[in-house]
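Undergrad: Here's my sequence, what's the structure:
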Amino acid sequence: MSGLVLSWRPFLDPIDAFHVYWWALLVPLSLGVAVVYKAVRLRSLDHYVRHVFVLTTQIVAAMIALGIAVHLFVEVYVRFISGAGH
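TA: Down below sits the predicted model:
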């Protein structure tokens, strides 16, 4: 055997789809989570769409805030405590 693998192994060799635009999947994923969560948790579906929109917005805003916080932590704080900023 020459070591050549002709089959696709999904967990070892993932498809490189949306590699550049991976961040664009945040909104549909957040919408899906909000739709399912609110369908299960609400007692009445009177204002279902509004609740889903608010939760989707909260999830996206929280992910953006967490991304900024991690970026600042790595770029500012870690550089400061390691002494690389001098």
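Undergrad: OK, contacts around the spatially closest residue to residue 33 that is not a sequence neighbour?
TA: Residue nearest to residue 33 in three dimensions, not counting chain neighbours: residue 59, with 6.6 Å by C-beta to C-beta, 6 or more residues apart in numbering. No exception for glycine: its C-beta is placed from N, CA and C like everyone else's. Residues near residue 59 by C-beta atoms under 8 Å, 6 or more residues apart in numbering: 30, 33, 34.
Undergrad: can you pull the contacts of the residue nearest to the last one when sequence neighbours are not counted?
TA: Think residue 34. Distance criterion C-beta to C-beta, 6+ apart; nearest residue to residue 34, sequence neighbours excluded, is residue 55 at 4.0 Å. Shown in contact with residue 55 (C-beta under 8 Å, 6+ apart): 33, 34, 37, 38.
Undergrad: Buried among the contacts of residue 59? Need that as a selection in PyMOL.
TA: PyMOL command restricting those to the buried ones, with burial defined by 16 or more other C-beta atoms under 10 Å:
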select buried, resi 30+34
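Undergrad: got the contacts of residue 59 as a markdown table, with secondary structure, distance to residue 64 and pLDDT columns?
TA: Shown next, in a markdown table, are these (DSSP: H, G, I helix; E, B strand; the rest coil; distance: C-beta to C-beta, whole Å; pLDDT from 0 to 100):
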| residue | secondary structure | distance to residue 64 | pLDDT |
| --- | --- | --- | --- |
| 30 | helix | 11 | 97 |
| 33 | helix | 16 | 97 |
| 34 | helix | 16 | 98 |
